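Undergrad: below are the sequence and a predicted model; questions follow.
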Amino acid sequence: MAKQMPDLEYLLSRIALRDRDCFRELYRFTSAKLFGVSLRILGNKSEAEDALQDIYIKVWQRAGSFQSGMSQPMTWLITIARNHCIDMIRARKPLTDDLDQAETLPDKDKTPEEAAINSSEGARISHCLDQLEQDRARAVRLAYVDGENYKDLAQRFAVPLNTMRTWLRRSLLQLRECLGQ
Amino acid sequence: MSEPFEIGGEGGDDIRAAEYVLGLMEASERAAIERELTTNTELAEKVRYWEAHFAAFNAQYAEVLPPADLLGRIEGRLFGQAMQSRWYDSLLLWRSIAGATVAAAVFAIGLNVLAPTPEPTDPVPSLVTALETLEGDIEVVALYDPQTTSLRLNVGGSPAAAGQDYELWFIQGESDPVSMGTISVGTGITLAVDAALAANFGEGIALAVSLEPEGGSPVDAPTGPILAIGTVAAI
């Protein structure tokens, strides 16, 4: 599609002033991405549709709190979407509390996408993830992209919950050190 | 606490911020850190740090077009009513019941109230309509003079409430309504009809009045209910 992405910062500043046309415009250019986020994390079309409505209602309500120096508009929008979807899945009743009986989840991870990283910060985190053991780097990605929690990851990698916790926390410290300020 | 790996002390907040951003926390922990984030600026800074770095993963989310009606549902929830559907429903309802009553009203009200002074040899007939009131206390009669491309209106009833305005719409066939501006209660109001609309002003088009926020609809369509509507006839 050869559509020109409008200035999202400008649109958000107009939405903060209750400009409904700009809200439509923002929706037109960003909803496919945010719907993709919702589908990926929730894994269910009708839940993702409900989530997308709630997400844009939050965008309308919070547009005034967007600060251009603090984050990129698309990052800000995706953060709202991810947080909303993660809250939804964390509020779900767990299907089973018994880790030993749980089957290993099917692998949703798509390796070709892992290469799809741009931006300088992206290049840096990519470099730093490469310093981690492969499994641990993958666990970090699965947590972020698919919204998996420690329990999901422990099941997937067939390790005890506490082991997964330790793995990931150590990995995060390593990442922090590698990324620097 | 039997945490296998202490997250207190140095680096503890870095880890908590990262766990929050990654989405590893349970609902109660998420709620707790979100409360803390409103006052702890240092922690908020750490959260932004991780958000900026992990944003690199956002490229992994595919773009998927949501269903076409979703924006309307969002706007309906945000702006109080299903914006498109409300006026469209009124329009459809009116089309299904409109008929002889409207034509009769044109002659009964239109002629008397407006008392136009047509020249007997006028080659281009004027157009008139008495709008049928569907809702609210408003009565509208309109007379269009094709030669001056001006519309004369008598608007009776109660003025719109504070913070609201009546807005006049031009509706041709199945096309979307086109705004002709806001109107107030009064007699002998003259509106200049712009050239694009004047070219299409003819028998069978409809005029409608909707209730809008002060200043008129913020979008290109009525947002409030249609209060009155009528089809234009030659006279």
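TA: That came through, no problem.
Undergrad: for chain A, which residues score under the pLDDT cut-off?
TA: With pLDDT under 70 as the threshold, chain A has low-confidence stretches at A:1-3, A:93-122, A:181.
Undergrad: thought residue A:42 was touching residue A:88?
TA: Yes - under the criterion of CB atoms under 8 Å, residue A:42 is in contact with residue A:88, at a separation of 6.4 Å. Using the backbone N, CA and C atoms, a C-beta is placed for each residue, glycine as well.
Undergrad: could you pull out the helices for chain B?
TA: Listed in chain order, the helices of chain B (DSSP state H) span B:12-22, B:27-37, B:41-54, B:70-78, B:83-97, B:100-105, B:111-114, B:195-200.
Undergrad: whoops, chain A was the one
TA: With DSSP H as the criterion, chain A has helices at A:8-16, A:20-42, A:45-62, A:73-91, A:111-114, A:120-131, A:134-146, A:150-156, A:161-179.
Undergrad: to residue B:53, which of these lies closest?
TA: When the helices of chain A are ranked by distance to residue B:53, counting by CB to CB, first place goes to helix A:120-131 at 4.8 Å.
Undergrad: kindly export the closest one (C-alpha atoms) in PDB.
TA: What follows is helix A:120-131 as a C-alpha-only set of coordinates in PDB (Å, rounded to 0.1, in the frame of the first residue of the first chain):
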ATOM      1  CA  SER A 120      19.600   2.000  16.300                       C
ATOM      2  CA  GLU A 121      18.100   0.900  19.600                       C
ATOM      3  CA  GLY A 122      16.900  -2.200  17.800                       C
ATOM      4  CA  ALA A 123      20.400  -2.900  16.500                       C
ATOM      5  CA  ARG A 124      21.800  -2.600  20.000                       C
ATOM      6  CA  ILE A 125      19.300  -4.900  21.700                       C
ATOM      7  CA  SER A 126      19.700  -7.300  18.900                       C
ATOM      8  CA  HIS A 127      23.500  -7.300  19.500                       C
ATOM      9  CA  CYS A 128      23.000  -7.700  23.200                       C
ATOM     10  CA  LEU A 129      20.400 -10.600  22.800                       C
ATOM     11  CA  ASP A 130      23.000 -12.400  20.800                       C
ATOM     12  CA  GLN A 131      25.300 -12.400  23.800                       C
END
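Undergrad: how far off centre is that helix?
TA: Averaging C-alpha positions (CA atoms, centre = their mean, to the nearest Å) puts helix A:120-131 17 Å from its chain's average.
Undergrad: helices and strands around it, which ones?
TA: helix A:134-146, helix A:161-179, helix B:41-54 (3 or more CB pairs under 8 Å, 6 or more residues apart in numbering or on different chains; DSSP states H and E).
Undergrad: could I get those as a markdown table with mean neighbour count and distance to residue B:34?
TA: Putting the helices and strands packed on helix A:120-131 into a markdown table (neighbours: other CB atoms under 10 Å in any protein chain shown; distance: least, CB to CB, whole Å) gives the following:
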| stretch | mean neighbour count | distance to residue B:34 |
| --- | --- | --- |
| helix A:134-146 | 20 | 18 |
| helix A:161-179 | 19 | 19 |
| helix B:41-54 | 18 | 10 |
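Undergrad: with distance to residue A:73 as added columns, please give those helices in a markdown table.
TA: Converted to a markdown table, the helices and strands packed on helix A:120-131 look like this (distance: least, CB to CB, whole Å):
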| stretch | distance to residue A:73 |
| --- | --- |
| helix A:134-146 | 19 |
| helix A:161-179 | 23 |
| helix B:41-54 | 13 |
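Undergrad: next, the buried residues of stretch A:40-51.
TA: By neighbour count, and taking 16 or more other CB atoms under 10 Å in any protein chain shown as the criterion, the buried residues in stretch A:40-51 are A:40, A:41, A:42, A:47, A:48, A:49, A:50, A:51.
Undergrad: list residues touching both of residue A:42 and residue A:88?
TA: Any residue near both residue A:42 and residue A:88 by CB atoms under 8 Å, 6 or more residues apart in numbering or on different chains counts here, and that gives residue A:51.
Undergrad: in chain B, where is pLDDT below threshold?
TA: With pLDDT under 70 as the threshold, chain B has low-confidence stretches at B:1-10, B:81-123.
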